[in-house]
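Trainee: Okay, here's the prediction I keep looking at, along with the sequence it came from:
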Amino acid sequence: MSRIRSSLRFQILVSVFGVFFILVLSTGYILFTTRNLQALSDRSFEQERFISSVMGDLAAYQEPLTEYLATRSSNALARILIDSHNLRTKIPADFPVSRNKIELRERELYSLIHSYLDLADRAIEEKRARNISSYIETYDEMSVLLAYINSEIEIVSTERFRSQLENYGVFIAESGAIQLWNLIFIISVSFFVLMLLFRTVGKFSDPFIRLSAMASQLAAGNFEIEDLEHSSVEEIDRLVQAFNQMKQDIRQYIEEIRLQESIKQEYMQERMRNLKMEGLVRRMEIYTLQAQMNPHFLFNTLNTGMQLAIVEGADRTGEYMEYMAQLFRHIIRNKEIIVPLRHEMEGLNYYFYILKVRFPKNLDLVLDFDETLLDSHKVPVSILQPLVENSIIHGFNDMATGAVVRVRAVKQGDQLVLSVEDNGSGMEAEKAAEMLRPQPIDESSLSRLMGLENVIQRLYFFYPDTPDVVEIITGKGEGTVIRIRIDTGREPCIEF
């Protein structure tokens with residue numbers, strides 16, 4: 001039921017019928033007051049018309065009476081009886097008591113008319129009895145009485161007209177008051193009808209005005225405006241609800257498009273960045289290989305081999321030279337950027353052999369790892385050997401004996417943790433923080449990136465979303481620990 005009441009058709013019908021009912025009511029009221037005014041006018045002339053009609057009936061009654069007295073016509077007698085009955089019925093028998101002179105004259109007049117009718121009945125009886133002298137005398141008496149009655153009727157009519165003239169002002173005043181009230185009523189009804197029409201039109205037009213304003217805002221690109229409020233019309237409410245939903249859908253669609261465009265731009269930027277990084281890393285790899293085979297290292301290595309060849313037999317020198325060949329072969333043969341952990345550990349084994357030959361008494365090298373990790377995890381190439389070399393070159397300058405370098409590989413949760421630890425002289429915290437600061441790398445800066453710095457910057461390239469991929473724990477005279485944390489669930493940020 002409430003749904004029917006809130007429908008557009010029902011409310012339009014209610015408004016139309018309401019206006020129609022008010023118009024009918026106002027028309028009925030105007031008709032009622034007009035009829036009352038007319039009745040008031042009729043009442044003022046009703047008595048005069050009645051007396052005038054009585055006068056006419058008396059004149060009409062006189063004609064058949066004279067004919068009957070002259071000819072004794074049965075037709076005339078029938079008309080006399082009918083007219084006499086009509087007159088007796090028409091004239092009131094009981095007239096109300098009044099002090100008004102005109103009404104007292106009317107009362108006397110009606111009595112005279114009854115007397116006249118009684119004389120006419122007596123004259124008819126005398127005519128039937130053929131008493132000529134009696135009905136002639138009665139007829140003469142009737143004629144005198146009729147003349148008197150007519151004169152009284154004239155007097156009463158004159159008095160009535162004079163009284164009406166005196167009351168004409170009252171009639172005009174009452175008529176004017178009725179017309180004034182009619183005007184006030186018509187204005188009030190018209191105002192009410194206009195208010196009802198404005199309310200009805202506003203109820204239907206306001207939602208469309210708000211819809212038009214919202215459409216203009218949406219066309220201007222403003223999708224943050226508030227939703228339209230519901231009205232009391234079901235059809236308009238459905239339209240408003242659909243419009244609000246459309247606005248939300250468009251806003252969500254635009255947000256999705258913006259998000260997709262943002263993702264697309266980020267993807268393209270990341271792709272360009274990766275391509276640039278790949279080229280830089282390739283160059284850095286070549287430089288790293290070149291740095292690993294620097295002349296100083298080769299000279300020391302060959303010098304050691306020559307000293308062994310002099311001091312010892314050829315067998316050990318051969319073994320030493322074989323490990324050197326295997327190390328060089330290991331470094332040169334692999335062109336991959338990401339290699340299995342086994343590849344790094346094998347290279348360290350070759351490198352450690354050579355270092356133990358060079359420093360047989362004052363350097364202790366330890367490899368600590370789980371064999372199961374070697375083939376199940378991959379790491380960037382050449383990230384451990386430069387760290388070991390950095391410890392030997394910079395960490396043990398002031399130590400004659402007792403130098404220890406420990407390389408470890410362990411699994412902690414989803415992270416592969418690689419560490420190179422030495423008990424050397426360490427470094428200042430400010431210098432370590434400076435080395436850990438990410439730096440932009442291009443071709444002009446490749447020549448500056450040596451050893452530890454090279455490894456740190458490459459790790460930042462491979463894992464840009466992991467700022468703590470590498471850390472340095474050190475202090476002056478406290479040794480150094482360089483720890484690398486690689487998330488095994490995330491691929492390095494580089495295309496292969």
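Mentor: Cool, the structure landed.
Trainee: What's the separation between the residue sitting furthest away from the middle of the chain and residue 416?
Mentor: For the chain, the residue at maximal distance from the C-alpha centroid (C-alpha atoms, centre = their mean) is residue 133, at 113.3 Å. Using C-beta to C-beta, to the nearest Å, one obtains 166 Å as the distance from residue 133 to residue 416. From N, CA and C alone the C-beta is placed, and that goes for glycine too.
Trainee: before we move on, what about residue 371?
Mentor: In terms of C-beta to C-beta, residue 371 sits 14 Å off from residue 416.
Trainee: With residue 173 instead?
Mentor: 116 Å.
Trainee: Check residue 216 too.
Mentor: For residue 216, the distance to residue 416 (C-beta to C-beta) stands at 60 Å.
Trainee: Looking only at neighbour counts, state which of the two leads.
Mentor: Remark: of residue 216 and residue 416, residue 416 carries more neighbours, 20 against 10, as counted by other C-beta atoms under 10 Å.
Trainee: element containing that one, please.
Mentor: Element membership of residue 416, judged by DSSP states H and E, is strand 415-422.
Trainee: in the following helix or strand past that strand, what counts as buried?
Mentor: Once strand 415-422 ends, the next helix or strand along the chain (criterion: DSSP H and E) is helix 429-436. By 16 or more other C-beta atoms under 10 Å, the buried positions in helix 429-436 come out as 432, 435-436.
Trainee: what about the strands in the stretch 201-350 of the chain?
Mentor: Using DSSP state E, counting those that start in this stretch, the strands of the stretch 201-350 of the chain run over 338-340.
Trainee: what residue ranges in the stretch 251-400 of the chain score low on pLDDT?
Mentor: The stretch 251-400 of the chain contains residues with pLDDT under 70 at 273-303, 305-318, 321, 325, 328-330, 332-335, 400.
Trainee: make it 80
Mentor: Across the stretch 251-400 of the chain, the ranges flagged by pLDDT under 80 are 251-254, 267-336, 357-362, 395-400.
Trainee: could you point out the longest helix in the chain?
Mentor: helix 132-219 (DSSP state H).
Trainee: Show me what that helix is packed up against.
Mentor: When contacts are defined as 3 or more C-beta pairs under 8 Å, 6 or more residues apart in numbering; DSSP states H and E, helix 132-219 sits against helix 8-71, helix 101-128, helix 234-292.
Trainee: any idea of the angle the second one forms with helix 132-219?
Mentor: Helix 101-128 runs at 140 degrees relative to helix 132-219, counting by axes from the mean of the first three to the mean of the last three C-alpha atoms, to 10 degrees.
Trainee: now helix 101-128, how far from the chain's geometric center?
Mentor: 94 Å (C-alpha atoms, centre = their mean, to the nearest Å).
Trainee: Give me the mean pLDDT for that helix.
Mentor: What helix 101-128 shows for mean pLDDT is 82.
Trainee: can you check stretch 456-467 too?
Mentor: Here the average pLDDT along stretch 456-467 is 85.
Trainee: Just the buried positions in that stretch, please.
Mentor: In terms of neighbour count (16+ other C-beta under 10 Å), stretch 456-467 has its buried residues at 456-464, 466.
Trainee: Let's see which of those end up in helices.
Mentor: 456-462.
Trainee: CSV please, covering those residues and showing distance to residue 58.
Mentor: Formatted as CSV, those follow (distance: C-beta to C-beta, whole Å):
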residue, distance to residue 58
456, 145
457, 143
458, 144
459, 142
460, 138
461, 139
462, 139
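Trainee: Check what contacts the top strand by length along the chain and list those residues.
Mentor: Ranked by residue count under DSSP state E, the longest strand found in the chain is strand 403-412. With C-beta atoms under 8 Å, 6 or more residues apart in numbering as the test, strand 403-412 has contacts from 341, 345, 348, 359, 362-370, 373, 384, 388, 391-392, 395-396, 416-424, 488.
Trainee: what about 7 Å?
Mentor: For strand 403-412, the surrounding residues in contact (C-beta atoms under 7 Å, 6 or more residues apart in numbering) are 341, 348, 362-369, 373, 384, 388, 391-392, 396, 417-424.
Trainee: Then stretch 51-62?
Mentor: When contacts are defined by C-beta under 7 Å, 6+ apart, stretch 51-62 is touched by residues 83-84, 86-87, 90-91, 113, 146, 149-150, 153, 156-157.
Trainee: Check these and tell me the two furthest apart.
Mentor: Taking C-beta to C-beta, the two most distant members of these are 84 and 157; they sit 23.4 Å apart.
Trainee: quick one, what contacts the residue nearest the centre of the chain?
Mentor: Nearest residue to the geometric centre of the chain (C-alpha atoms, centre = their mean): residue 227, 2.1 Å. Contact analysis of residue 227 by C-beta under 7 Å, 6+ apart lists residue 244.
Trainee: pLDDT score for it?
Mentor: Reported pLDDT for residue 227: 71.
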